[in-house]
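My questions concern the predicted model and sequence given below.
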Amino acid sequence: MPLRIEDYALIGNCETAALVGRDGSVDWLSSPRFDSPACFAALLGTAEHGRFLIAPDGPVEAVERRYRPDTLVVETDFRTSSGRVRIIDFMPVGVGRTGVVRIVEGIEGRVRMHVELVIRFDYGSIVPWVRRDGNGISAVAGPDVLYLDTDVPCRGENQRTVAEFDVEKGDRRHFVLTWCSSIAPKPAALDPEAALDEVARFWTEWSRRSTYQGPYRDAVTRSLITLKALSYGPTGGLVAAATTSLPEKIGSVRNWDYRFCWLRDATFSLYALLVGGYREEARAWRQWLLRTIAGDPGQMQIMYGLAGERRIPELELGWLPGYEGSAPVRIGNAAADQRQLDVYGEVMDSLYLARRHGIEASGDAWSVQTKLMEFLEAHWMNPDAGIWEIRGPDQRFTHSKVMAWVAADRAVKCIQRFGESGPLDRWAALRDAIHRDVCAQGFDAKKQSFVQAYGSSHLDASLLMMPLVGFLPPSDPRVKSTVAAIERELVHDGLVYRYATETGVDGLVAGEGAFLTCTFWLADNLVRLGRRDEATEMFERLVALGNDVGLMAEQYDPVAKRQLGNFPQAFSHVALINTAHNLAMPEGPAIDVAGRGQ
């Protein structure tokens with residue numbers, strides 16, 4: 001039986017990442033970038049598709065694990081009848097070095113350990129040529145080679161590398177696994193103990209820059225570290241998650257590749273970084289955004305590759321059975337070809353937000369914004385695929401129209417507050433026209449609620465963004481009645497679902513977990529409605545749904561009590577940071593959840 005999604009911990013180096021299970025196995029590793037083919041793919045298949053296991057060779061009585069405080073170093077303790085052993089896992093920091101370091105430390109008694117290394121490149125499909133190499137092995141196939149350096153004698157057995165060894169109190173045994181291009185020289189030897197000190201110092205010093213002063217420091221710091229780990233250092237891009245094809249419903253087809261950068265995440269991520277004190281990272285994310293969307297605004301996509309690549313073809317990997325049989329396994333994401341008009345508002349919001357928080361002005365940014373507005377003026381009323389990237393017919397989604405209003409509103413504010421040059425009266429008139437249109441066509445008088453799309457009677461959790469972006473004040477009766485309707489129809493067991501999948505609106509089979517980000521949005525609304533105690537209770541429950549090391553996937557199944565979707569999910573951790581800041585303000589939310597509308 002595979003591990004649950006929440007049984008994994010993330011390690012990374014701001015270029016790629018790996019997932020370490022509670023059982024001592026690294027089951028997911030992409031090299032050298034987040035979106036590169038995996039050389040360990042047991043997460044989506046079986047051990048035969050690649051993993052790196054180090055664990056006691058016998059029954060385990062108890063497992064405890066933790067991150068070292070304020071770092072991305074994972075410690076997993078195994079207790080057996082003969083003693084206790086600790087495995088320390090991390091990725092060395094430093095541009096251009098991709099690998100995993102595993103240190104086995106004896107804590108009590110004497111424990112017999114077992115090692116099993118199964119290397120399978122290209123998502124578990126390619127068996128490499130394995131040879132002895134110094135104190136370890138090399139495994140090469142095509143463009144890739146992995147080197148294992150260790151002080152533990154290993155042997156080959158059934159197309160895998162295995163070993164057994166004993167560890168006593170005070171012993172430390174080392175395993176350094178390094179990826180390299182097969183045509184490049186082998187990287188210089190790494191001192192694992194020095195690398196541990198370096199990586200612990202890197203993350204500790206980075207965490208100390210946080211300016212958060214509220215009561216949820218541990219959760220906020222862990223979320224900020226997770227965002228940093230999901231950032232791609234060479235370009236400043238931020239991937240949505242470290243994985244692909246972890247299901248939103250076990251056994252279903254709702255399996256997508258999230259190892260890309262979504263424009264929609266930009267505003268939320270920028271705010272989370274800015275209020276956390278990380279201006280350098282926020283500046284890098286803004287620069288990634290400007291480089292990526294440059295060009296014809298009509299060709300702007302909703303997501304891009306880590307360096308701004310536009311071609312993200314979606315393929316299915318038929319040789320992988322998928323997590324718990326959830327097929328197909330997909331790489332790439334066809335949603336990149338969808339038209340989603342809300343991203344124009346989110347980009348305008350992001351660039352406005354950066355200016356409001358003191359990120360230096362950029363003439364290029366305003367030129368880009370002007371072109372985006374010219375496109376939106378002609379196309380804002382068109383149907384689109386919406387925020388949830390439906391694979392059904394395009395509709396006139398209310399949230400998309402609200403975000404078109406955001407775009408016009410932020411353009412007007414840039415002229416008024418920052419002295420930019422532009423058609424102020426025309427864009428102000430556009431803003432008012434969109435507002436009237438949404439209020440007339442997006443509100444169902446019979447239901448007393450805004451609805452998912454014009455002419456629809458269905459609800460959608462994205463409507464919770466309306467007061468958060470400043471479209472209507474929280475005191476507006478229509479906002480209050482919409483929140484009440486969402487609480488009646490989309491909240492189950494205290495958690496918010498995006499929409500009723502049974503309606504068939506998304507063109508997929510029904511069923512998925514509760515959406516954690518939407519539940520944070522509801523908490524933000526409750527704060528603004530003066531229901532602070534309820535908001536606090538909801539927030540603290542959400543934090544408790546994170547796993548034992550504080551990580552969150554995209555969704556949660558309150559019946560099976562398990563996490564669902566790609567992991568860890570940047571959007572969930574961004575929402576946690578933003579709601580924590582809102583709750584920390586004695587008078588109300590920090591600045592409209594994402595610094596908007598002010």
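Arrived safely, thanks for sending.

quick check, Gly507 in a helix?
No. Going by DSSP: H, G, I helix; E, B strand; the rest coil, the assignment for Gly507 is coil, not a helix.

residue contacts, it?
390-393 (C-beta atoms under 8 Å, 6 or more residues apart in numbering). (Each C-beta comes from the backbone N, C-alpha and C, glycine too.)

what does Thr226 give?
10, 551, 568, 570, 573.

Let's have these in CSV, adding secondary structure, distance to Pro128 and pLDDT.
Converted to CSV, those look like this (DSSP: H, G, I helix; E, B strand; the rest coil; distance: C-beta to C-beta, whole Å; pLDDT from 0 to 100):
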residue, secondary structure, distance to Pro128, pLDDT
Leu10, strand, 25, 98
Leu551, coil, 30, 98
Pro568, coil, 29, 98
Ala570, helix, 32, 97
His573, helix, 35, 97
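
among the residues you listed, who's most crowded?
Pro568 (31 neighbours; other C-beta atoms under 10 Å).

isn't it right up against Leu551?
Yes. At 4.3 Å, Pro568 counts as touching Leu551 under the criterion of C-beta atoms under 8 Å.

Could you name every residue contacting both of these two?
Counting by C-beta under 8 Å, 6+ apart, the residues touching both Pro568 and Leu551 are 10, 226.

re earlier: next, give me the two most distant ones among the contacts of Gly507.
Using C-beta to C-beta, the contacts of Gly507 span at most 9.5 Å, a distance reached by Arg391 and Pro393.

and these two? which has more neighbours close in?
Arg391 (13 against 9).

does that one count as helix, strand or coil?
Arg391 carries the three-state label coil when classified by three-state DSSP.

tell me the phi and psi of it?
phi -110, psi 30 (degrees, to the nearest 10).

tell me the contacts of it?
Applying C-beta under 8 Å, 6+ apart, the residues contacting Arg391 are 385, 506-508.

Kindly write the PyMOL command that selects the buried subset of these.
Remark: buried members of those, expressed as a PyMOL selection using 16 or more other C-beta atoms under 10 Å:
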select buried, resi 385+506+508
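
Serialize the contacts of Arg391 to CSV and add fields for distance to Cys14 and pLDDT.
Formatted as CSV, the contacts of Arg391 follow (distance: C-beta to C-beta, whole Å; pLDDT from 0 to 100):
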residue, distance to Cys14, pLDDT
Ala385, 31, 94
Asp506, 34, 74
Gly507, 36, 74
Leu508, 34, 76
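
Now flag whichever of the contacts of Arg391 is closest to Thr161.
Proximity of the contacts of Arg391 to Thr161 (C-beta to C-beta) peaks at Leu508, which lies at 40.9 Å.

I'd guessed Asp506 sits against Pro393; true?
No. Using C-beta under 8 Å, Asp506 makes no contact with Pro393, being 10.1 Å away.

List the buried residues for the lengthiest strand in the chain?
Ranked by residue count under DSSP state E, the longest strand found in the chain is strand 98-118. Across strand 98-118, burial judged by 16+ other C-beta under 10 Å covers 98-107, 111, 113, 115-118.

Restrict it to CA atoms and write it as CSV.
The C-alpha trace of strand 98-118 is given here as CSV (Å, rounded to 0.1, in the frame of the first residue of the first chain):
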residue,chain,number,x,y,z
THR,A,98,21.4,18.8,-7.8
GLY,A,99,21.4,15.9,-5.4
VAL,A,100,20.2,14.4,-2.2
VAL,A,101,22.3,13.9,1.0
ARG,A,102,21.3,11.2,3.5
ILE,A,103,23.1,10.9,6.8
VAL,A,104,22.3,7.9,9.1
GLU,A,105,23.0,8.6,12.7
GLY,A,106,22.8,6.0,15.6
ILE,A,107,20.9,7.4,18.6
GLU,A,108,20.4,4.4,20.9
GLY,A,109,21.4,0.8,20.9
ARG,A,110,22.3,-1.0,17.7
VAL,A,111,20.1,-1.1,14.6
ARG,A,112,20.5,-3.2,11.4
MET,A,113,19.8,-1.0,8.3
HIS,A,114,18.8,-1.9,4.8
VAL,A,115,19.5,0.2,1.6
GLU,A,116,17.7,-0.2,-1.7
LEU,A,117,18.4,2.2,-4.6
VAL,A,118,16.4,1.8,-7.7
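
what packs against that strand?
strand 25-30, strand 51-56, strand 74-80, strand 83-90, strand 161-168, strand 172-181, helix 192-208 (3 or more C-beta pairs under 8 Å, 6 or more residues apart in numbering; DSSP states H and E).

Gly332 is nearest to which of those?
strand 25-30 (13.7 Å).

quick one, the longest strand of the chain and strand 25-30 angle?
Strand 98-118 and strand 25-30 are oriented at 130 degrees to each other (axes from the mean of the first three to the mean of the last three C-alpha atoms, to 10 degrees).

still on that earlier bit, let me have the helices and strands packed on strand 98-118 in TSV, extended by distance to Leu468 and mean neighbour count.
Output for the helices and strands packed on strand 98-118, formatted as TSV (distance: least, C-beta to C-beta, whole Å; neighbours: other C-beta atoms under 10 Å):
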stretch	distance to Leu468	mean neighbour count
strand 25-30	34	25
strand 51-56	42	24
strand 74-80	34	20
strand 83-90	37	22
strand 161-168	52	17
strand 172-181	42	20
helix 192-208	28	16
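
Make JSON lines out of the ones you listed and add distance to Trp288.
Formatted as JSON lines, those follow (distance: least, C-beta to C-beta, whole Å):
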{"stretch": "strand 25-30", "distance to Trp288": "19"}
{"stretch": "strand 51-56", "distance to Trp288": "32"}
{"stretch": "strand 74-80", "distance to Trp288": "28"}
{"stretch": "strand 83-90", "distance to Trp288": "26"}
{"stretch": "strand 161-168", "distance to Trp288": "39"}
{"stretch": "strand 172-181", "distance to Trp288": "24"}
{"stretch": "helix 192-208", "distance to Trp288": "19"}
